[in-house]
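Chemist: give me a 3D structure for the following:
(one chain, ligands or ions: 2)
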Amino acid sequence: MTNRKSDISRRQFLQKLGIGAGSALAVMAMEPLKAFAEDTTNRPLPDAYNGEPCQMTYRVQHGSGEKISLLGFGMMRLPDEQEEVNRLVDYAINHGVNYFDTSPMYKGGRNETQTGLALSRYPRDKYFVATKMSNYSQDLWKLEEAQKMYENSFKALQVDYIDYYLLHGVGGSGMEDFKPRFLDNGLLDFLLKEREAGRIRHLGFSYHGNVSVFDFLLDHQDEYHWDFAQIQMNYLDWRHASMSKGRRRDADAEYLYNKMDKLGVQAVVMEPLRGGALAKMNDELSQRLTALRPNDSLASWAFRWVGSHPNILTALSGMNQMAHLEENVRTFSPLDPCTEAENKVLEEIADIMAGFPVIPCTTCHYCMPCPYGVDIPGNFSYYNEAVDQKILPLPDSKAPDYKKRVKKFGKGLRKALPDASKWANRCADCEVCLKKCPQQIRIPNQMDRIAEILKKR
Ligand code: SF4
Ligand code: SF4
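Modeler: Ligands and ions are numbered 1, 2, ... in the order given. Next up is the predicted model:
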């Protein structure tokens, strides 16, 4: 990996410009977009910090030598109360987690602010923060608008540099969207310059969908020097990218990982639990794992599998409950890599699960809100649960248990989503959600399928 200016510290950056840290105002005047946040480097640690030694597993970032916790904190699903967020962050930092991932689009923009409030209580060298250029809507394809989003991230996060900055969700609609979003408008050039200036320490992209964009970006590694890339990787997606109807992903995680590994681009993993599917499989499958490690949760298997790959920098887990955070910290402190025999069992489980006709929703909520009030991830989660419980797919209408299963489906949906105004049959086919889904799910079509089952009740 090249040793670029992005690897220098803020102080080195200021020295390079011939001004001391106290002359931040001069820099602000020179470039108002990047007004420096308060220097928190020497700030005392919050009372909640206990400084106890921890056993967290770390990976070294190739370019900078930074030690990144193999468990990364995905902030997307944070609770609303800031006190609760702070409590989670305190626990994470106390137990060695130091990578926090957010985006301007999570929780309508509040997520970065919440993350900034929690993290800025710590000295700046205690954490690494990752955020994104989430310019999905066409209004934000204009350079000035995208720059505003970028500028705002610094303010919301209360930082003067961003450790890991990503082009968010590239690949959804192939090069057709990527070009106007990042190339034709000069946005990628701008971000590359920001990295040169040290305000972005590491530049990468998160990838979903059409592999032509992934290939384009990595095939231009000599030009862009990606420091990392974020990919969806878990033992199900490893070899089963195109496992179910309605999804257009055209490369499995094994391909993505291997290509990055070959180029020395480290991977940040998203969806290690595949939207929760790997943490709650049916009894038949889960018993195969509990027979081997009776005290281990299903989630810990999925994390151990991901963490066993050496080119993973960090695996993100969206943790909004203390119990999940505690459990994940245990799994990674230290990580016990999967054995060959365990990998084999997981591979077999993946092969079986790949045959399930589930909807590949990861409950990311990117598609929400629906203007007609449909709870899109809620409907899909329940649908998948019904597949898992063998209620779906429905047998032939003449089968003896047909009616019973149709009834069971309706009853289960009522339990999962008590408010019927959120059900799939309220979908008006407006297609507002369609382009937003990183998994390329044809949402209205899938809603239609669920509505059809409901009609049979
Ligand atoms: S297509 Fe259906 S689910 Fe999607 S936004 Fe429109 S009404 Fe909601
Ligand atoms: S349908 Fe797509 S966008 Fe919506 S929650 Fe599921 S994966 Fe996310």
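Chemist: compute the number of surrounding residues for Leu278.
Modeler: If you count neighbours by other CB atoms under 10 Å, Leu278 ends up with 25. For the C-beta atoms, the positions are set from N, CA and C on the backbone; glycine is no exception.
Chemist: swap in Thr40?
Modeler: 18.
Chemist: which element is Thr131 on?
Modeler: Secondary structure assignment for Thr131, by DSSP states H and E: strand 128-133.
Chemist: how far does that strand sit from its chain's centre?
Modeler: Its chain's C-alpha centre and that of strand 128-133 lie 11 Å apart, by CA atoms, centre = their mean, to the nearest Å.
Chemist: can you give the strand pairings for it, parallel or anti for each?
Modeler: strand 99-101 (parallel), strand 162-170 (parallel) (DSSP bridges).
Chemist: quick check: mean pLDDT across that strand?
Modeler: Strand 128-133 comes out with an average pLDDT of 98.
Chemist: got it, and stretch 188-200?
Modeler: 98.
Chemist: check which residues of that stretch are buried.
Modeler: Buried residues in stretch 188-200, counting neighbours by 16 or more other CB atoms under 10 Å, are found at 188, 191-192, 194-195, 197-200.
Chemist: pick out the most distant pair among those.
Modeler: The largest separation in these, counting by CB to CB, is between Leu188 and Gly198 at 17.7 Å.
Chemist: per-residue confidence at the nearest residue in space to Glu326 that is not next to it in sequence?
Modeler: Of all residues not flanking Glu326 in the chain, Tyr91 sits nearest, at 7.3 Å (CB to CB, 6 or more residues apart in numbering). Looking at Tyr91, its pLDDT is 97.
Chemist: where does this protein come near ligand 1, residue by residue?
Modeler: Residues of the chain lying close to ligand 1 by CB under 6 Å from any ligand atom are 370-372, 374, 376, 427-433, 443-444, 447.
Chemist: close to ligand 2, is stretch 436-456?
Modeler: Yes - legend: contact between stretch 436-456 and ligand 2 by CB under 6 Å from any ligand atom is shown at 436-437, 439, 441, 443.
Chemist: can you name the next helix or strand after the helix or strand of the chain with the lowest mean pLDDT?
Modeler: Lowest by mean pLDDT, DSSP states H and E among the helices and strands of the chain is helix 24-30, with a mean of 37. Going down the chain from helix 24-30, the next helix or strand is strand 58-60, by DSSP H and E.
Chemist: how about that next one: buried residues?
Modeler: Neighbour-count burial for strand 58-60, counted by 16+ other CB under 10 Å, picks out 58-59.
Chemist: and the gap between the nearest residue to Glu271 once chain neighbours are set aside and Phe182?
Modeler: Once flanking residues are discounted, Glu271 sits nearest to Gln232: 4.5 Å by CB to CB, 6+ apart. As for Gln232, its distance to Phe182 is 20 Å (criterion: CB to CB, to the nearest Å).
Chemist: okay, the residue nearest the centre of the chain: pLDDT?
Modeler: Against the mean C-alpha coordinate of the chain, by CA atoms, centre = their mean, the closest residue is Met270 at 4.1 Å. Note on Met270: pLDDT of 97.
Chemist: ok, Arg10 next?
Modeler: The model's pLDDT for Arg10 equals 43.
Chemist: give me the contact list for stretch 82-94.
Modeler: 46, 48-52, 54, 73, 78-79, 100, 114-115, 117-119, 121-122, 126-127, 319-320, 322, 325-326, 329 (CB atoms under 8 Å, 6 or more residues apart in numbering).
Chemist: so how far is stretch 382-393 off the chain centroid?
Modeler: 25 Å.
Chemist: again with stretch 399-418
Modeler: Its chain's C-alpha centre and that of stretch 399-418 lie 33 Å apart, by CA atoms, centre = their mean.
Chemist: stretch 193-205 too?
Modeler: Put simply, stretch 193-205 sits 20 Å off its chain's centre (CA atoms, centre = their mean).
Chemist: Cys364: which of the strands paired with strand 128-133 is closest?
Modeler: Short answer: strand 162-170, nearest of those by CB to CB, at 9.8 Å.
Chemist: CA atoms only: put that closest one into PDB for me.
Modeler: Coordinates of the C-alpha atoms in strand 162-170 are reproduced here as PDB (Å, rounded to 0.1, in the frame of the first residue of the first chain):
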ATOM      1  CA  ILE A 162     -12.500  11.500   9.400                       C
ATOM      2  CA  ASP A 163     -10.700   8.200   9.800                       C
ATOM      3  CA  TYR A 164     -12.600   6.100   7.300                       C
ATOM      4  CA  TYR A 165     -14.700   7.700   4.600                       C
ATOM      5  CA  LEU A 166     -16.700   5.700   2.200                       C
ATOM      6  CA  LEU A 167     -18.500   6.200  -1.100                       C
ATOM      7  CA  HIS A 168     -21.800   4.800   0.100                       C
ATOM      8  CA  GLY A 169     -23.500   1.800  -1.500                       C
ATOM      9  CA  VAL A 170     -21.900   1.800  -4.900                       C
END
